[in-house]
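Visitor: Provided below are the primary sequence and the corresponding predicted coordinates.
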Amino acid sequence: MHTSAISTDLLVVGGGLGGVAAALTAAKLGLRVVLAERSTWLGGQLSTQAVPPDEHQWIETSLTSPSYRALRETIRGHYRRAYPLTKQAADIEHLNPGMGFVSRLCHEPRVGALAMEETLSAHIASGAITVLREHTVIEILRESRRITAVTLSGPSGDRIEVHAIVVADATEEGDLIEPAGLPVVIGAEGRDETGELHAPDVADTLDQQAVSWCVALEFRPGEDHTIARPDDYDHWRETSDPRWPGSQLSWTDVVPETLQPRVRPLFAQSPEQAIHTRAEDLWQYRRMLSRHMLDASFTGGEITLVNWPQIDYWELPLHGVSPEERERALEGARSLTRSFLYWMQTEAPRHDGGTGYPELRPRGDVTGTADGFAKEVYVRESRRIRALFTVTEGHIGRQMRGVDAGSEIFADSVGTGYYRIDLHPSTSGRNYVDIDCFPFQIPLGALIPADADNFVAANKNIGTTHITNGAYRLHPVEWSIGEAVGALTARVVATGLNPAQIREDPQQLAQLQRVLTDDLGVTLAWPEEIRTGGPAFDRVPTNAVAEAPAHPQVSV
């Protein structure tokens with residue numbers, strides 16, 4: 001077994017949205033970066049977890065990070081260059097390849113991964129960024145408050161010992177926090193600690209959001225793609241939960257805000273009408289490729305992503321348990337999705353009065369797998385650092401702050417974001433927590449742990465609570481967190497100060513914020529009418545996409 005060593009300015013572990021943004025930003029600012037990812041794909045929830053971006057209604061405007069907008073245009077550019085779009089589709093400024101109504105940009109996971117590669121390509125060619133795919137952390141060395149080395153293991157078994165000025169944990173689940181010897185937050189904090197209106201009375205580490213193992217499906221009329229009956233099919237077919245209106249193998253779920261039952265079929269009308277008629281059925285919910293956008297030379301069918309409430313897995317938690325229990329949870333999530341797919345193919349009520357859709361074909365080429373399932377489970381809630389500052393419901397929640405008070409203004413803001421506080425049913429037995437919040441800022445203090453000098457969080461492992469994680473966990477916020485980490489690292493390298501010192505020094509903080517705003521074009525504060533939920537909040541931006549609703553947020 002061979003071990004080599006490398007020194008760099010920034011080590012980013014985790015190649016999701018936060019990790020790629022951190023690497024890209026640091027490279028733009030002249031730093032050397034090592035980006036390690038355990039998968040063969042970069043992109044995290046955008047690609048390996050297969051979830052198209054969930055965003056807010058100002059995403060196409062200058063209020064969004066230019067580099068994030070550029071990533072989105074790279075995705076659109078791939079469809080413009082490589083797909084036979086109709087002339088009408090090609091003329092749409094903000095192309096939505098799937099016409100899914102959950103986002104203004106529904107696309108295939110494979111294309112998300114390609115866009116990530118293109119985004120980093122020039123920096124990889126220059127040597128500024130070294131990407132280590134299929135690498136995982138096996139050891140972290142720490143002296144006092146500093147991480148001195150991180151050892152990675154690759155697919156051949158060879159090891160690389162990385163020495164970095166700054167180490168960023170951009171993993172999807174906060175994988176480095178505990179191995180780095182840092183305090184970790186898992187599950188829900190108690191109201192007795194945070195004072196949050198919607199927190200449980202006391203902390204519960206087992207109160208973790210459901211995960212979902214997504215699968216990509218194509219509809220192939222006249223064909224039969226029925227999978228083998230899963231061994232545990234009867235378990236899911238017969239199991240019910242007090243929070244749910246019957247079995248999860250059903251078209252019936254609940255409205256997250258009210259918890260009232262609702263029925264949403266796969267097709268509201270027919271597969272053919274779904275191509276031309278917009279309807280809020282499950283097929284169009286996360287449709288990633290729409291035939292309406294493609295001319296007659298395209299011989300394939302439509303593709304959608306199954307990331308629906310029916311595959312939310314809440315029986316066992318992922319974090320704070322033994323490796324064996326974690327594996328049982330992961331297999332449970334796969335089992336539920338597999339059983340739901342079989343139910344759809346064989347027993348589901350059809351739009352035409354029959355039962356079963358054998359025409360549903362899993363598309364592994366779209367997800368980079370053999371079976372059509374995503375490479376990794378979709379994780380809504382990560383382990384979190386004990387940060388210098390923790391964002392609570394009291395900082396962003398509309399009910400706690402008052403209907404028109406707006407979100408807290410943070411002097412150390414390094415970015416903005418917006419999404420409802422959206423928590424899916426949890427492993428503790430809680431149902432949806434889906435409540436209003438204001439458009440918010442990302443405080444630098446939430447990215448910095450209290451117990452280390454050269455370690456930062458660069459994903460949804462920052463200093464939020466179980467409650468506020470529900471708003472800070474989506475694609476553009478992850479990107480903005482990573483972008484801030486890249487800019488912060490540049491200041492650390494330039495000054496020799498640690499992240500906490502930069503935050504504490506008004507002049508250094510101001511310089512960091514100038515880099516973000518002047519050099520990178522990042523917006524650090526919302527306009528007041530948006531921050532406070534005023535008239536501008538409900539006004540559709542002038543360059544919004546005609547096909548998209550004013551508020552595309554749907555529980556994810």
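Guide: Structure received.
Visitor: Name the SS class of the nearest residue to Val166 once chain neighbours are set aside, please.
Guide: Leaving aside its chain neighbours, Val166 sits nearest to Thr489 (4.5 Å; criterion: C-beta to C-beta, 6 or more residues apart in numbering). For glycine as for every other residue, the C-beta is placed from the backbone atoms N, C-alpha and C. Under DSSP: H, G, I helix; E, B strand; the rest coil, the three-state class of Thr489 is helix.
Visitor: Tell me, how many residues neighbour Thr489?
Guide: By the criterion of other C-beta atoms under 10 Å, Thr489 has 30 neighbours.
Visitor: Retrieve the pLDDT associated with it.
Guide: Thr489 is assigned 98 on the pLDDT scale.
Visitor: need the contact list for Gly417.
Guide: The contact partners of Gly417, taken as C-beta atoms under 8 Å, 6 or more residues apart in numbering, are His56, Pro439, Phe440, Gln441, Ile442, Ala471, Tyr472, Leu474, Pro476, Val477, Ser480.
Visitor: Narrow those to those in helices?
Guide: The subset of the contacts of Gly417 located in helices under the criterion DSSP state H comprises Ala471, Tyr472, Pro476, Val477, Ser480.
Visitor: My read is that the third one contacts Ser65, right?
Guide: Yes: using C-beta atoms under 8 Å as the test, Pro476 is close enough to Ser65 to be in contact (7.3 Å).
Visitor: Quick check: neighbours shared by these two?
Guide: Common neighbours of Pro476 and Ser65 (C-beta under 8 Å, 6+ apart) do not exist.
Visitor: Can you list the buried residues in stretch 294-310?
Guide: Along stretch 294-310, these residues count as buried under the neighbour rule (16 or more other C-beta atoms under 10 Å): Leu294, Gly301, Glu302, Ile303, Thr304, Leu305, Val306, Asn307, Trp308, Pro309, Gln310.
Visitor: and the nearest residue to the last one once chain neighbours are set aside, how many neighbours does it have?
Guide: With C-beta to C-beta, 6+ apart as the measure, Gln248 is the residue that lies nearest to Gln310, at 4.9 Å, once sequence neighbours are left out. Residues near Gln248, counting by other C-beta under 10 Å, number 24.
Visitor: Test my guess that Gln248 contacts Arg237.
Guide: No: the pair Gln248 / Arg237 is not scored as a contact, 9.2 Å apart, by C-beta under 8 Å.
Visitor: related to what we said a few turns ago, ok, the residue nearest to Val166 - contacts?
Guide: Neighbouring residues of Thr489 by C-beta under 8 Å, 6+ apart: Asp9, Leu10, Ala22, Ala26, Leu31, Ile165, Val166, Ala168, Val456.
Visitor: hmm, back to that, tell me the two of the ones in helices among the contacts of Gly417 that are most distant?
Guide: Across the ones in helices among the contacts of Gly417, no pair lies farther apart than Ala471 and Ser480, at 12.8 Å, counting by C-beta to C-beta.
Visitor: Go through the helix ranked longest in the chain and flag the buried ones.
Guide: Secondary structure of the chain per DSSP H: the longest helix is helix 323-346. For helix 323-346, the neighbour count (16+ other C-beta under 10 Å) marks 326, 329-330, 332-345 as buried.
Visitor: Doesn't Ile462 belong to a helix?
Guide: No: Ile462 is assigned coil when assessed by three-state DSSP, not a helix.
Visitor: Next, count neighbours for it.
Guide: 34.
Visitor: and the spatially closest residue to His424 that is not a sequence neighbour, what pLDDT?
Guide: Nearest residue to His424, sequence neighbours excluded (C-beta to C-beta, 6+ apart): Ala210, at 4.5 Å. Ala210 carries a pLDDT value of 98.
Visitor: my guess is Ala210 contacts Ser428, does it?
Guide: No: counting by C-beta under 8 Å, Ala210 sits too far from Ser428 to count as a contact (10.8 Å).
Visitor: more crowded one of these two?
Guide: Per other C-beta under 10 Å, whichever of Ala210 and Ser428 has more neighbours is Ala210, with 23 against 15.
Visitor: check contacts around that one.
Guide: Neighbour list for Ala210: Asp312, Tyr313, Trp314, Arg380, His424, Pro425, Ser426, Thr427 [criterion: C-beta under 8 Å, 6+ apart].
Visitor: Serialize the ones in helices among the contacts of Gly417 to a markdown table and add fields for pLDDT.
Guide: Formatted as a markdown table, the ones in helices among the contacts of Gly417 follow (pLDDT from 0 to 100):
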| residue | pLDDT |
| --- | --- |
| Ala471 | 98 |
| Tyr472 | 98 |
| Pro476 | 97 |
| Val477 | 98 |
| Ser480 | 98 |
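Visitor: Put together CSV for these, with distance to Val522 and neighbour count on each row.
Guide: What follows is the ones in helices among the contacts of Gly417, written out as CSV (distance: C-beta to C-beta, whole Å; neighbours: other C-beta atoms under 10 Å):
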residue, distance to Val522, neighbour count
Ala471, 19, 26
Tyr472, 16, 26
Pro476, 12, 26
Val477, 13, 28
Ser480, 7, 28
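Visitor: No more questions from me, cheers.
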